[in-house]
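# what's the 3D shape of this:
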Amino acid sequence: MLIIGAGITGALMAERLTRQGRQVVVIDRELPSLGSTVASTAMLLWEIDRPLFELAQLYGFEKAVRCYRASHHAAQGLPSLVRQHGIACQMRRRLSLYLVVDDSPNLVQDEYALRSRADLPSLYLDHAALLKRFGIARAGALLSRDAADADPVLLTHGLLDISLQRGARLLKANAVAYDSTAQRVTVGLENGLSIEARQVVLATGYVMPDIVRPTAQQPASSWVIASRRQPGHLWPEQALIWEASRNYHYARTTADGRIILGGEDDRTLIEPDARDDATPAKVRALKDYLKALWPHASEDVAFGWSGAFDTTHDGLPLIGRVPGSKNIFAAFGYGGNGITFSFLAAELLAAMLAGGSSPLFDDLAIDRDIPG
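A predicted model of the protein is given here:
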């Protein structure tokens, strides 16, 4: 089994497949975790970028709830895996707050009603309850349990270490060509060599090989700031925060008392130079937003960065067989739930390779049809 990519997705795949007893080789053109993983804010939410009510409008209640429950299961499973192996990655169980935007609580109340019907763990807080418990002045919010946060780089290295101890191999190599016409898949490398494998899993983040041609995803860029350490100026319970809007802001705290705030997404500034040019203005906008969200916070920014990411039109990941490429599979956990979806991808692909079945194989298929 060959895994292309040594970020968080590849590391989760390697841990799951070596646990299954498979011989695994992981390759990456960079050092482990230094692609999109290092830029992740690692908010481990089970709530999907597309609200449940929107997903139900697209696919019907049954399929929408199945996807939400799968995400919820993954958000519970990853901290359990970390705890089981004692991976030191600052993993912390968190609550999440899904904030009303523009003082229009109706959509959030509708979302709460549908989550209640689906028996998903959320509670609606009106303005008074939200202000009293968290000190945040919004018209309302959904409060949910079973979220988490972590250091994504430490998590990746911890998972890879477990896989290596089980016999996996980790190599620095750049895959540039794929031939799946024979019984084995031949992967051509940039250095002129090649690797043959029974199966290949693509865990390449936002660098998608030419053999994958989905129509469901769209690239974008996001900006993030991290404050100086200020453990005395954090909001109560240090819940993960995000907003009920398509281009939302998101915030969390860190184990050493920083505030990480991200957002200001842009689908036109994809190239690194364009992102860098926009960073000073984006950082100022994030500082202004933080001041409005949590006036008690220090405005001193210790770090600021940006990263490219992909979203899908339905908010769901791309997991499964690569159409037209025998024995090649993909694990692309796009959107705000990237790491949660990566855990889900590891579980689903392990089941698929073992001959299992699940309606999620069709729900999350790379070539699925998305209404509208």
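
# List the contacts of F303.
Applying Cβ atoms under 8 Å, 6 or more residues apart in numbering, we find F303 in contact with 225-226. C-betas here are computed from N, CA, C, even on glycine.

# Where does it fall, secondary structure wise?
strand 301-312 (DSSP states H and E).

# Look at T254 and report its pLDDT.
In this model, T254 is scored at 95, pLDDT.

# Could you do C67 as well?
97.

# same deal with D126?
pLDDT, read off for D126, is 95.

# tell me the domain ranges of this protein?
Per the record, the chain has its domains at 1-91+150-216+315-372, 92-149+217-312, by automatic domain parsing.

# Of those domains, flag the one that's most buried.
domain 1-91+150-216+315-372 (a mean of 19; mean count of other Cβ atoms under 10 Å).

# what's the offset of it from the middle of its chain?
10 Å (Cα atoms, centre = their mean, to the nearest Å).

# hang on, the earlier thing: and the next helix or strand past the strand holding F303?
strand 318-321.

# and that next one, what other elements does it pack with?
strand 328-332, helix 338-353 (3 or more Cβ pairs under 8 Å, 6 or more residues apart in numbering; DSSP states H and E).

# Tell me which of those lies nearest to F134.
Closest to F134 of those, according to Cβ to Cβ: helix 338-353, at 22.9 Å.

# mind saving the C-alpha coords of that closest one as CSV?
This file holds the C-alpha atoms of helix 338-353, laid out as CSV (Å, rounded to 0.1, in the frame of the first residue of the first chain):
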residue,chain,number,x,y,z
GLY,A,338,-10.4,18.9,7.1
ILE,A,339,-8.9,16.9,10.0
THR,A,340,-12.2,15.5,11.1
PHE,A,341,-12.9,14.4,7.5
SER,A,342,-9.3,13.0,7.3
PHE,A,343,-10.1,10.6,10.2
LEU,A,344,-13.4,9.7,8.5
ALA,A,345,-11.5,9.0,5.2
ALA,A,346,-9.1,6.7,7.0
GLU,A,347,-12.0,4.7,8.5
LEU,A,348,-14.0,4.5,5.2
LEU,A,349,-11.0,3.6,3.0
ALA,A,350,-9.9,1.0,5.4
ALA,A,351,-13.4,-0.5,5.2
MET,A,352,-13.5,-0.2,1.5
LEU,A,353,-10.1,-2.0,1.0
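
# immediately after that helix, which helix or strand?
With DSSP H and E, the next secondary element past helix 338-353 is helix 360-363.

# Touching that following helix from outside, list them.
Under Cβ under 8 Å, 6+ apart, the answer for helix 360-363 is 59, 63, 66-67, 70, 316, 319-320, 348, 352, 368.

# where along the stretch 1-150 of the chain do the strands fall?
2-4, 25-28, 43-44, 92-99, 122-126, 140-149 (DSSP state E, counting those that start in this stretch).

# Can you check what angle separates the longest one from strand 122-126?
Direction vectors for strand 140-149 and strand 122-126, defined by axes from the mean of the first three to the mean of the last three Cα atoms, to 10 degrees, enclose an angle of 140 degrees.

# helices or strands up against strand 140-149?
strand 43-44, helix 61-85, strand 92-99, helix 106-117, strand 122-126, helix 127-134.

# Go ahead and produce PDB holding the CA coordinates of the helix or strand just after that strand.
Following strand 140-149 in sequence order, the next helix or strand is helix 152-165 (DSSP H and E). Taking Å, rounded to 0.1, in the frame of the first residue of the first chain, the C-alpha atoms of helix 152-165 are listed here in PDB:
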ATOM      1  CA  PRO A 152      -1.700  19.500  13.900                       C
ATOM      2  CA  VAL A 153       2.000  19.100  13.400                       C
ATOM      3  CA  LEU A 154       2.500  17.200  16.700                       C
ATOM      4  CA  LEU A 155      -0.500  15.100  15.900                       C
ATOM      5  CA  THR A 156       0.800  14.200  12.400                       C
ATOM      6  CA  HIS A 157       4.300  13.200  13.700                       C
ATOM      7  CA  GLY A 158       2.800  11.200  16.500                       C
ATOM      8  CA  LEU A 159       0.600   9.200  14.100                       C
ATOM      9  CA  LEU A 160       3.500   8.600  11.700                       C
ATOM     10  CA  ASP A 161       5.700   7.400  14.600                       C
ATOM     11  CA  ILE A 162       3.100   4.800  15.500                       C
ATOM     12  CA  SER A 163       3.000   3.600  11.800                       C
ATOM     13  CA  LEU A 164       6.800   3.500  11.500                       C
ATOM     14  CA  GLN A 165       6.900   1.400  14.700                       C
END
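
# Run me through the strand neighbours of the helix or strand just after helix 152-165, direction for each.
Sequence-wise, the next helix or strand downstream of helix 152-165 (DSSP H and E) is strand 169-172. When pairs are called by DSSP bridges, strand 169-172 turns out to pair with strand 25-28 (parallel).

# What lies in contact with the partner strand?
So strand 25-28 is contacted by 1-7, 10-11, 14, 35, 160, 163, 168-173, 175, 189, 195, 197 (Cβ under 8 Å, 6+ apart).
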